[in-house]
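Novice: Sequence plus predicted model, see below.
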Amino acid sequence: GENVEQHPSTLSVQEGDSAVIKCTYSDSASNYFPWYKQELGKRPQLIIDIRSNVGEKKDQRIAVTLNKTAKHFSLHITETQPEDSAVYFCAARANDMRFGAGTRLTVKP
Amino acid sequence: DSGVTQTPKHLITATGQRVTLRCSPRSGDLSVYWYQQSLDQGLQFLIQYYNGEERAKGNILERFSAQQFPDLHSELNLSSLELGDSALYFCASSVVPSGRDYTGELFFGEGSRLTVL
């Protein structure tokens, strides 16, 4: 099955800085790559997604890039705010949806 | 509110026991996924059903089983429980079945927190 690796596992930035989280996937059949944000004790919620026929997608301060050749995709958060602090998961869908191990982002005020 | 309902929200039981977790997907969603999230861990894919049939299986133990009923709700059965089974179990649903087309956002329930003592 699909294997998704995510780095870094923890990330600490100052408020206003940018944060980048990277993921790689193994199954070339994967065609959908969502990113989920999970706050403590809550359910994961979709923040942005990208399909395999698109290289980049942006939504306000959040952007995702996809390199199908290299099988990696990244989440970029600009102008980070304390409320961005959470665990972020990348995922890849081939036959099912597999998640990366998560990145705990801390934004220091 | 995602529209996915999971019960119970919390469950405390003893080792060796058996429990059943229930999930009602969003109206119209045919696919149901189960994930296990241990403390400070990622989302481990257990199993997926589509319209009553098993579609994909992940790292699900033989002590665990699941099914999806004609009304599309799903149950995850955990038996011979061990301390290490303590975790948050999430159910998620989506419209588009796996392996088809581009979309398929997962909508997660609030989870069922299982504590095995």
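Specialist: Perfect, thanks for sending it. Numbering: from 1, shown residues only, chains lettered A, B, ... in the order given.
Novice: interface residues of chain A facing chain B?
Specialist: A:1, A:29, A:31-32, A:34, A:36, A:42-46, A:49, A:51-53, A:89, A:91, A:93-102 (Cβ under 8 Å from any Cβ of the partner chain). In this view, the C-beta of every residue, glycine as well, is placed from N, C-alpha and C.
Novice: Any idea what A:Arg104 is bridged to?
Specialist: A:Thr10, A:Val87 (DSSP bridges).
Novice: That one is in contact with A:Leu11, isn't it?
Specialist: Yes. With contact defined as Cβ atoms under 8 Å, A:Arg104 counts as touching A:Leu11 (7.2 Å).
Novice: Out of the residues of chain A next to chain B, name the ones that lie in strands.
Specialist: A:32, A:34, A:36, A:45-46, A:49, A:51, A:89, A:91, A:93, A:97-99 (DSSP state E).
Novice: got a winner among these for most neighbours?
Specialist: Neighbours here mean other Cβ atoms under 10 Å in any protein chain shown. Within these, the largest count is held by A:Arg93, at 29 neighbours.
Novice: ok, that residue - contacts?
Specialist: A:2, A:30-34, B:98, B:104 (Cβ atoms under 8 Å, 6 or more residues apart in numbering or on different chains).
Novice: and if we set it to 7 Å?
Specialist: A:30-32, B:98, B:104 (Cβ atoms under 7 Å, 6 or more residues apart in numbering or on different chains).
Novice: which residues does it bridge with?
Specialist: Assessed by DSSP bridges, A:Arg93 has beta-bridge partners A:Tyr32, A:Met97.
Novice: per-residue confidence for it?
Specialist: On pLDDT, A:Arg93 comes in at 89.
Novice: which residues sit in contact with the residue positioned nearest the centre of chain B?
Specialist: Note on chain B: the residue nearest the mean C-alpha position is B:Trp34, at 2.7 Å, using Cα atoms, centre = their mean. Residues in contact with B:Trp34 (Cβ under 7 Å, 6+ apart) are B:46-47, B:66, B:76, B:89, B:91.
Novice: Once you drop chain neighbours, what's closest to it?
Specialist: Using Cβ to Cβ, 6 or more residues apart in numbering or on different chains and skipping residues adjacent in sequence, the residue nearest B:Trp34 is B:Leu46, 4.2 Å away.
Novice: so what does the host helix or strand of the one you found touch, helix or strand wise?
Specialist: Per DSSP states H and E, B:Leu46 falls inside strand B:44-50. Under the contact criterion of 3 or more Cβ pairs under 7 Å, 6 or more residues apart in numbering or on different chains; DSSP states H and E, strand B:44-50 touches strand B:31-37, strand B:53-57, strand B:64-68.
Novice: The one helix or strand B:Leu76 maps to pairs with which strands, and in what direction?
Specialist: Assigned by DSSP H and E, B:Leu76 falls within strand B:74-78. Sheet partners assigned to strand B:74-78 using DSSP bridges are listed as strand B:19-24 (antiparallel), strand B:64-68 (antiparallel).
Novice: residues in contact with the shortest one?
Specialist: Counting by Cβ under 7 Å, 6+ apart, the neighbours of strand B:64-68 from elsewhere in the structure are B:32, B:34, B:46-47, B:49, B:52, B:74-78.
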